[in-house]
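> With the sequence up front, the predicted model follows.
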Amino acid sequence: MNLILVSLVFFYVAGRAGAQSIDLITDASQSKVTGDGLNVVTTGSTAKFTIRAMDQTNTPRTAGGDLFIVDVTGTATFSPSVVDMLDGTYVCEYTPIVSGSYVASVVLAQSGGLQGLYYENVWFFEPVVRQNVDPQINFQWGNGYITASAQDFVSIRWTGRIKTQFAEVYTFALTSDDGVKLYVDGRPIIDKWDSFTNDTLGTIALQANRLYSIKIEYKEVTNTAYMQMYWMSERTPKSIVPSTVLYYETNVYQSPFEFIVQPGSVVSTSCVANGAGLQVATAGKASQFTIKSVDQFGNSRGVGGDSFSVHIYSKEPLKRPDQGSTVDNTDSSYSVEYTTFIAGEVVLSVLQVIAGGIAATYYTSASMNSGTAIAARDSLDIKNSAVTIDYTSAGALVVTFAAARSYSVRWKGLLLPELDQIFTFTVGKRTPFQWENVTLYLDNYEILTTGNGNLEYTGTIDLRKSFFMILRLCTKLESQYQLFLEVPK
Ligand SMILES: [Ca+2]
Ligand SMILES: [Ca+2]
């Protein structure tokens with residue numbers, strides 16, 4: 001009976017010891033990326049995603065300290081920084097500026113060596129026969145086995161990161177039999193692929209306290225085999241590169257991620273026009289040019305759907321501008337054709353058309369060309385609806401200022417008539433408000449100008465449907481104020 005009792009106690013203790021020895025660490029393959037920052041991405045917009053660190057039992061980690069690295073390659077290459085939130089999550093934010101196709105690798109870097117992939121041929125041909133984190137690159141195989149079954153005709157690729165301590169020129173020294181190549185930070189540092197080397201040096205200037213990518217390719221052909229990597233710098237004595245500065249990388253769940261960066265919305269000041277029709281035209285004959293639609297960074301929009309309006313002015317003020325017709329080629333290019341009957345020097349303007357209102361600039365003086373131009377309309381107590389021309393229904397542009405101030409305003413925009421006819425525009429006041437010195441221009445014609453008083457002013461112009469008219473409305477404001485512009489139906 002005593003013997004049995006002793007045995008039970010022994011197994012009980014062994015079981016406890018086993019449970020306590022489980023070391024919970026972050027497991028990259030269980031760690032996941034959440035958020036759409038590698039999914040729905042647009043140039044100029046902040047893309048964001050979170051890495052959720054998990055341990056081997058698929059339980060969330062609750063403290064920080066892990067080293068996650070994000071590298072993006074594709075149409076452009078960049079490495080957004082990752083912020084440790086200290087709660088087991090890591091946040092990555094970036095703002096792409098080049099549209100295109102990308103691949104993002106999201107890896108956990110762990111110190112202690114480089115990842116080595118071993119092949120039983122000298123060309124890195126699959127399969128990988130051995131995969132191992134090698135603490136150092138310091139091998140003396142001699143004529144012995146390099147893999148389980150090969151002494152000769154072997155290749156090995158080590159990859160990972162190397163951490164610097166100083167901002168210095170680092171010298172790497174390789175001793176190998178047979179060939180070797182070394183890359184640091186993506187740059188070739190040593191290439192002795194077709195010979196063996198004894199203390200071949202390569203140098204690179206590196207920043208302090210940074211993790212640089214490192215790749216070593218090695219092959220053994222026949223006979224003796226060895227491979228050693230040393231480094232040194234002004235403050236780093238020559239030594240085999242220690243395992244404490246070598247990091248191996250493991251992909252998080254589903255890494256690498258393929259994604260598309262979409263171009264942003266069209267920005268007219270970045271768009272370009274090209275073609276013979278921008279240099280010279282013959283009166284009465286059609287001329288052509290092409291508009292290319294891009295976002296704020298010059299990325300081609302890729303699709304059609306933008307709208308442009310082309311106007312050709314004479315320098316004579318009372319001549320109506322001619323207009324071009326624009327064809328959407330649906331590939332972000334737009335073909336323009338125009339015929340002008342104006343001889344002499346002309347001005348050709350290409351305007352991007354955005355529906356829904358006209359742009360306003362407010363000045364802090366009554367003179368419209370001095371003082372500070374203000375964009376913040378709300379600070380002037382103007383209702384948001386004030387700068388919308390609803391042509392088909394309400395038919396009025398109404399601007400209200402709540403308090404007496406000294407300001408001036410210029411509105412500029414485009415108006416799209418729906419009929420061929422003579423239109424009458426009216427500017428007037430609404431009791432008890434005042435207005436002063438309002439001028440309305442359409443297509444460079446001065447349609448009406450007012451003094452200050454209580455009258456309504458009207459002006460007429462013959463407009464053609466489906467051609468955008470350039471509208472400018474200027475006024476100065478020196479008292480409590482409401483202005484309306486009647487836009488005829
Ligand atoms: Ca050998
Ligand atoms: Ca050899």
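That came through fine. Ligands and ions are numbered 1, 2, ... in the order given.
> how many neighbours does the residue lying closest to Gln352 once chain neighbours are set aside have?
Counting by CB to CB, 6 or more residues apart in numbering, Ser268 is the residue found nearest to Gln352 once chain neighbours are left out, at 3.6 Å. (C-beta placed from N, C-alpha, C; glycine too.) Using other CB atoms under 10 Å, the number of residues around Ser268 comes to 15.
> wait, doesn't Ser268 sit right on Leu351?
Yes - if you go by CB atoms under 8 Å, Ser268 and Leu351 touch, sitting 7.3 Å apart.
> tell me, what's touching the two both at once?
Shared contacts of Ser268 and Leu351, defined by CB atoms under 8 Å, 6 or more residues apart in numbering, are not found at any residue.
> Tell me where the stretch 201-350 of the chain has strands.
211-220, 225-233, 236-240, 246-251, 257-262, 272-274, 286-292, 308-314, 322-323, 325-328, 333-339, 346-352 (DSSP state E, counting those that start in this stretch).
> Which one, of those, ends up nearest to Ser149?
Between Ser149 and those, the tightest spacing by CB to CB is seen for strand 211-220, at 13.6 Å.
> Direction included, what does the closest one pair up with?
strand 154-163 (antiparallel), strand 180-184 (antiparallel) (DSSP bridges).
> Quick one: mean pLDDT over stretch 23-30.
Stretch 23-30 comes out with an average pLDDT of 93.
> Quick one: end-to-end length of it, please.
15 Å (CA to CA, to the nearest Å).
> what comes up buried for the top strand by length along the chain?
Criterion DSSP state E: the longest strand present in the chain is strand 100-111. Neighbour-count burial for strand 100-111, counted by 16 or more other CB atoms under 10 Å, picks out 102, 104-111.
> out of those residues, who's nearest ligand 2?
Ser111 (31.0 Å; CB to the ion).
> Any idea how far apart the tips of stretch 263-279 sit?
End-to-end span of stretch 263-279 (CA to CA): 30 Å.
> Buried residues of that stretch, list them for me.
263-264, 266-267, 271, 273, 277.
> now swap in stretch 253-264 and tell me
Buried residues in stretch 253-264, counted by 16+ other CB under 10 Å: 255-257, 259, 261-264.
> for stretch 165-178, same thing?
For stretch 165-178, by 16+ other CB under 10 Å, it's 168, 170-178.
> Filter those residues down to the ones in strands?
168, 170-177.
> Looking from ligand 2, tell me which residue of the stretch 201-350 of the chain is nearest.
Counting by CB to the ion, the stretch 201-350 of the chain gets nearest to ligand 2 through Asn223 (4.4 Å).
> so that residue touches Trp141, yeah?
No - the pair Asn223 and Trp141 does not pass the contact test of CB under 8 Å, sitting 10.7 Å apart.
> So for the two, which sits in the more crowded spot?
Trp141 (16 against 12).
> Return the residues of the stretch 51-200 of the chain in contact with ligand 2.
177-178 (CB under 5 Å from the ion).
> Next, count neighbours for Asn299.
Residues lying near Asn299 (other CB under 10 Å) number 23.
> ok, it - contacts?
Contacts of Asn299 (CB under 8 Å, 6+ apart): 43, 97-99, 263-264.
> quick revisit: tabulate the buried residues of stretch 165-178 (a markdown table), appending pLDDT and distance to Phe124.
A markdown table is the format used below for those (pLDDT from 0 to 100; distance: CB to CB, whole Å):
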| residue | pLDDT | distance to Phe124 |
| --- | --- | --- |
| Glu168 | 97 | 32 |
| Tyr170 | 98 | 26 |
| Thr171 | 98 | 27 |
| Phe172 | 98 | 21 |
| Ala173 | 97 | 24 |
| Leu174 | 96 | 18 |
| Thr175 | 96 | 21 |
| Ser176 | 96 | 16 |
| Asp177 | 94 | 18 |
| Asp178 | 93 | 14 |
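> Ser29: which of these is nearest?
The closest of those, once distances to Ser29 are taken by CB to CB, is Phe172, at 31.3 Å.
> correct me, but that closest one touches Tyr230?
Yes - taking contacts as CB under 8 Å, Phe172 lies within contact range of Tyr230: 7.1 Å.
> joint contacts of those two?
Counting by CB under 8 Å, 6+ apart, the residues touching both Phe172 and Tyr230 are Val241.
> tell me, how many neighbours does the closest residue to ligand 1 within the stretch 201-350 of the chain end up with?
Ligand 1 sits closest to Ala225 of the stretch 201-350 of the chain, with a gap of 4.4 Å, by CB to the ion. For Ala225, the neighbour count with other CB under 10 Å is 24.
> Distance of it relative to Phe196?
Per CB to CB, to the nearest Å, Ala225 is found 10 Å from Phe196.
> Likewise for Thr164?
Between Thr164 and Phe196 the computed distance is 28 Å (CB to CB).
> next one: Glu93
Relative to Phe196, and taking CB to CB, Glu93 is found at 47 Å.
> same question, Thr203
In terms of CB to CB, Thr203 sits 21 Å off from Phe196.
> So between the two, which is more surrounded?
Phe196 (18 against 14).
> which residues does Gly304 contact?
Counting by CB under 8 Å, 6+ apart, Gly304 touches 328-332, 334.
> Just give the nearest non-adjacent residue to Glu126, would you?
Nearest to Glu126 is Tyr119, by CB to CB, 6+ apart, at 7.5 Å.
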